[in-house]
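Chemist: What shape does this take:
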Amino acid sequence: MEVNVSTESIESVLKSEDKFRKNHEILFYRRQRDKAVSQYFTSYETFVLTDGGASLELCERDSQDRLSLQIRATQNGTIRVSIDELQLVKPRYQVSDVLVGELRYEPLRVEWKKEDCVCLTWGLGQYQLLAFFSPFKLEISCAGEEIVTLNPGNKLCFETLQDPASRSSSNSSEGDENCCGLWKETFRQFEDIKANGPSSVGLDLSLHGFNHTYGVPEHADTLLLKDTSVSEAYRLYNLDVFGYEINSRLGLYGSVPLLLAHKPERTAGVFWLNSSETLVDVKYNTEQNEDEDEPPGKKSRISPRTDVRWISESGTIDCFILLGPTPAQVFSQYAQLTGKCRCRLYNGCARNRPLLSYQALPPLFSLGNHQCRWNYEDEADVKAVDAGFDLHGIPYDVIWLDIEHTDGKRYFTWDSKRFPNPAELQHHLMKKKRKLVVISDPHIKMDPDWSIYCEAKKGGHFVKNREGFDFEGTCWPGESCYLDFSSSKTRLWYARQFSLSKYEGSTESLFVWNDMNEPSVFNGPEQTMPKDALHHGGWEHRELHNLYGFYQHMATFEGLLTRSGGTERPFILTRSFFAGSQRLGAIWTGDNVATWEYLKISIPMLLSLSLTGIQFCGADVGGFVQDPDPELLVRWYQAGALQPFFRAHSAKMTKRREPWLFGEEVTSAIRSAVQDRYCLLPYWYTLFHQAHTAALPPIRPLWVEFPKDTSTFAVENQYMIGGALLVCPVTDPGVTEVKVLLPGSNELWYDTNTSEVHKGARSLDVPVTLTTVLVFQRGGTVVPRRTACGSCTADLQHYTITLTVALDIKGKADGFLYLDDGHSFNYRDQMQFCLRRFSMQAGRLVNSCANDKGLFVSDDKVETVVILGLKSVKRKPKLKSGAKRTSVMFEFDKKRGVLTLSGLELEICKDWEIII
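Modeler: Numbering: from 1, shown residues only. Here you go, the predicted structure:
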């Protein structure tokens, strides 16, 4: 059966006030919150040191449940604390495929021991871990400074699995069990049967000296995490939430269980590796501590502390403490857990060069402008929109097709009336060096006459219901079955569907969009899959719910990788994600609404994602549903052009909103924003290289760059693009002035619109018009741009490069430019890349090689150098290349302090020096 949904039915299917659980309706969370503290204890007699760490046995004083505790320290400054049952009724689910490669652990050693505790250290002895025996807790400190305590409030909880046969001997009544959700619970009309009874786990932590925390996306909420002691906890449970509520802790499409804490002296992180439904409580404390050495009546010392409590429905406790101490080190520590890509074998060719890689390096085209709608009607419509961009001089790279392009919502097919010649359409776009993206959702239409459904059913590739039959749910095609991507066998089968021989009408310029992969089940509890559905290996869905979209993303990535024989970088956008999804491609923030509030909230949402490793991220420009007014559309394009993933998208119930449909003033403002984005792509691409090799997020909150400046810790309306550009998108209607914080008492900031210089550590009121985009370049940086942009990213190579050198208070500046072919893995396999460094010091601008392993020879040339912040020019600038010195054309604007050197034609890949 095929569902033909109207606008009204879409709204009723997708949006419902009471569809999603509140905290009080989540019974495992209630059980742990209502439970008295647990008294776990241990003893030195159970302590064992191994090559890989240390282990202890824990025992709960009342129930006598026994747990196994492992403590390990990695070589990069991370502590891993793992807890599991000691005597298992059956194995508990442990997350796989998220951690990449084998972790290398430091040997632990006992520094001292007492009757009630043991002190462990490792490496150079910088860090210490104290294990207290009764009651059990762990304290981690650095040079005597306590950083984090685990189980400070004795809230460690571990519901051990039970044999159903032993249930009859339990003293509790069936009514009490159901009320507590031990073996069965009901939500609305849905019943959830728990085969092995209650299985939740939980742990509390105290972060000492911290009162600013971030992360645990995805939520439509502030960048700085809120105190949840009198509100809803942060819920990590991937859900299809249409037009999600703003300022809510309800879980959205993806989950990254990583929390970051920051104070001026240190950044730390807590990574909770659990893929079942999880809730995170945060409580900020500013307690007054009496100092024993102070005389009576002396004011007590204020000591901030953040208490965090993690509660998960099932699985084990696998908790990583990232000790930093800098933001960059925390990013690296997390990326080394979840983001490191390994070398592979293709066509019998061994790749044995070690090359760290974290965030996937995207193909250059994917950093361009994307145009999407649910749905472009047919091939003629696609070609008309494509021509419209050329006619109005707006560059773009990719046009997208939603579900209506298929034959009756059967993915890997085409509607023969609307898209009778899909390969020809792709070749039409390829002639202009543009791409096509199509959607591929995880549900498969139940059609016995469709080969893919029949293959999947015969191969056992579908998720099962609790009775062991294929699970059936409804989504866009109507009755559907859902692929079990947790099975490597299913992922391989799915990957093969993307081969050019299998996917009729596809070409190598076709890329993919995974949607509805939370998974969305229209007739399921909370519009998702029942928790008692069964996956490969007999695991219940509750165990791995938050991994479902991650696994589809992985299978799609492998499909496109295999299609090219491992030579071309895939591009896949996914709505659902988990820790580690950064290795696979891009994400977006889902079904937002065309209002100013959603434009405003998109910034902290994307910053939260960036902090937690999901760095290729964006929000639907213009809002997915409802109709933006012209001013909002312009402001959203201006904001989107300053975000990593840049895609305009709209639902079919909205009015068409191509950029040229609102009059020339709007078209001109949008054109300008998009062209600026394309000219800045050399800088963006360099930032993604840094994300790929060093885990540095391309967009980052101000505090990441100014970690000691407390005025930046809660700022979420402006941010840094890399270390060089501060941006403040206009997110309010009708404004004529915007207040911008310029941090750093020793910093200089240059307005990129006027070249006017401003000192840091101040707020600035900046006049704005509809065309104003607020971007400030930080003194001490060099930013590369193209001099023009053409119609798509492939045209960029035809235009020269301009370097903007912004001097700091010492007259210095530094920056990088990364280049490769923009699409293949040759940068990795054949060292076909080029990394150049531009350094300004003592009146000399030097272009030098920043990585001599790179073999890529680029034809790119520097045409113009603009130096900001010069007070005077005492001599004619000269170019030094090899042994030759030549004069260069220049113009000096003394009033603005701007020196422009033009007509240079300097080869990027050769060393040279300009003497001012």
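
Chemist: can you give me the helices in the stretch 301-450 of the chain?
Modeler: Ranges of helices in the stretch 301-450 of the chain, per DSSP state H, counting those that start in this stretch, are 327-338, 379-391, 422-431.

Chemist: Can you tell me the closest non-neighbouring residue to Asp441?
Modeler: When the adjacent residues along the chain are set aside, Asp441 lies closest to Met516, with 4.4 Å between them (CB to CB, 6 or more residues apart in numbering). C-beta: built from backbone N, CA, C; applies to glycine.

Chemist: Quick one: classify the nearest residue to Asp859 once chain neighbours are set aside as helix, strand or coil.
Modeler: Excluding its sequence neighbours, the residue lying closest to Asp859 (CB to CB, 6+ apart) is Gln797, at 7.4 Å. What DSSP: H, G, I helix; E, B strand; the rest coil gives for Gln797 is helix.

Chemist: what about Gln797, distance to Asn851?
Modeler: Distance of Gln797 to Asn851, computed by CB to CB, to the nearest Å: 21 Å.

Chemist: all strands for the stretch 101-250 of the chain, in order.
Modeler: With DSSP state E, counting those that start in this stretch, the ranges of strands along the stretch 101-250 of the chain come out as 105-106, 108-113, 117-122, 127-132, 137-142, 145-150, 157-158, 184-187, 190-193, 201-208, 213-215, 234-236.

Chemist: is it true that the residue nearest to Asp859 touches Lys861?
Modeler: No. Contact between Gln797 and Lys861 fails when scored by CB atoms under 8 Å: they sit 10.9 Å apart.

Chemist: hang on, the earlier thing: I'd say the residue nearest to Asp441 and Gly473 touch.
Modeler: No. In this structure Met516 lies outside contact range of Gly473 using CB under 8 Å: 11.0 Å.

Chemist: Mutual contacts of those two, please.
Modeler: Taking CB atoms under 8 Å, 6 or more residues apart in numbering as the contact rule, Met516 and Gly473 both touch His443.

Chemist: hmm, back to that, okay if I get the strands of the stretch 101-250 of the chain as a markdown table plus mean neighbour count and mean pLDDT?
Modeler: Formatted as a markdown table, the strands of the stretch 101-250 of the chain follow (neighbours: other CB atoms under 10 Å; pLDDT from 0 to 100):
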| stretch | mean neighbour count | mean pLDDT |
| --- | --- | --- |
| strand 105-106 | 18 | 95 |
| strand 108-113 | 14 | 96 |
| strand 117-122 | 19 | 96 |
| strand 127-132 | 20 | 97 |
| strand 137-142 | 20 | 97 |
| strand 145-150 | 20 | 96 |
| strand 157-158 | 23 | 97 |
| strand 184-187 | 16 | 95 |
| strand 190-193 | 14 | 96 |
| strand 201-208 | 24 | 98 |
| strand 213-215 | 25 | 98 |
| strand 234-236 | 26 | 98 |
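
Chemist: quick one: which of those is nearest Gln643?
Modeler: Gln643 sits nearest to strand 213-215 of all these, at 17.8 Å, using CB to CB.

Chemist: Centre of the chain to that closest one, how far?
Modeler: Here the centre of strand 213-215 is set off from its chain's centre by 13 Å, with CA atoms, centre = their mean, to the nearest Å.

Chemist: same check, this time on stretch 734-752
Modeler: Distance of stretch 734-752 from the chain centroid (CA atoms, centre = their mean) equals 27 Å.

Chemist: First-to-last residue distance for that stretch?
Modeler: With CA to CA, to the nearest Å applied, stretch 734-752 spans 23 Å between its terminal residues.

Chemist: And for stretch 849-867?
Modeler: From its first residue to its last, stretch 849-867 covers 21 Å (CA to CA).

Chemist: model confidence over that stretch, on average?
Modeler: The average pLDDT within stretch 849-867 is 97.

Chemist: Buried ones in that stretch, by neighbour count?
Modeler: For stretch 849-867, the neighbour count (16 or more other CB atoms under 10 Å) marks 854, 856, 858, 860, 862-867 as buried.

Chemist: Just the ones of these in strands?
Modeler: Members of these lying in strands (criterion: DSSP state E): 862-867.

Chemist: one step back: so for Pro217, which of the helices of the stretch 301-450 of the chain sits nearest?
Modeler: Across those, closest to Pro217 is helix 327-338 (CB to CB), at 13.4 Å.

Chemist: how distant is the closest one from the center of its chain?
Modeler: How far helix 327-338 lies from its chain's middle: 13 Å, per CA atoms, centre = their mean.

Chemist: what's the neighbour count on Lys22?
Modeler: Neighbourhood size, Lys22 [other CB atoms under 10 Å]: 10.

Chemist: That one and Ser248, how far apart?
Modeler: Distance of Lys22 to Ser248, given as CB to CB: 11 Å.

Chemist: and if you look at Lys432?
Modeler: Using CB to CB, Lys432 is found at 42 Å from Ser248.

Chemist: Repeat that for Arg837.
Modeler: Relative to Ser248, Arg837 is positioned 45 Å away (CB to CB).
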